[in-house]
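**Q** Dropping the sequence and predicted coords here.
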Amino acid sequence: MSQVSLRYESNVADLDLVEPMWNALQEHHVRITPELDPQTPGRELADAWRMRRSKYVRWLENPETFFVIAEDESGPIGYAFVTVGPGYTSWLTGERAGVLETLSVLPNSRSGGVGAALIEAAWERLGERGIEDMAITTTKTNVDAHRFYEHHGFSQGFIIFHGKRPRP
């Protein structure tokens, strides 16, 4: 891994720095999962970013929400976006838990430890807040992500189903 620095952010003004990395993730998702189901194709990049950025803005209203930007000499190369909410009610988690909403590293910077550094930074910030649990959602076709998260101590706990309201 070349010289990479990490910085924590919670400022809406810094969201535009992560757009290229979101776009790389969106392109990856649409490549490995062209449709969520036969009735739900992938979105265009600009539309996907508009919607994701809107979620980020809303999530950043919570003062515990943060994102971590990884940068090298060329600029931002990866980021992790983490929200904090209540822990699970059915299992002995903490009262609060983190959710890794997004982890993205630019394609030419993958497999160099940037993703691992971002996960570590997310855990560090959560730990400072007394939070010991974090959840992550990936597409079922993203087997590289599954292996990455398992390698970093995560295990599958839920299966998420998607459906469309039946049309008359």
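**A** That came through fine.

**Q** Please, where are all the helices along this structure?
**A** Ranges of helices in the chain, per DSSP state H, are 19-32, 45-59, 114-128, 143-151.

**Q** Would you tell me which of those helices gets closest to L103?
**A** Nearest of the helices of the chain to L103, taken as C-beta to C-beta: helix 114-128 at 6.0 Å. Heads up, the C-betas are built off the backbone N, CA and C, glycines and all.

**Q** Let me see the mean pLDDT of that closest one.
**A** Mean pLDDT, computed over helix 114-128, is 97.

**Q** cool, and stretch 54-68?
**A** For stretch 54-68, mean pLDDT rounds to 96.

**Q** Using CSV, please lay out the helices of the chain together with distance to S74.
**A** As requested, these are exported to CSV (distance: least, C-beta to C-beta, whole Å):
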stretch, distance to S74
helix 19-32, 11
helix 45-59, 21
helix 114-128, 12
helix 143-151, 23
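
**Q** could these be laid out in CSV, adding mean neighbour count and distance to G78?
**A** Formatted as CSV, these follow (neighbours: other C-beta atoms under 10 Å; distance: least, C-beta to C-beta, whole Å):
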stretch, mean neighbour count, distance to G78
helix 19-32, 17, 6
helix 45-59, 15, 16
helix 114-128, 18, 5
helix 143-151, 14, 13
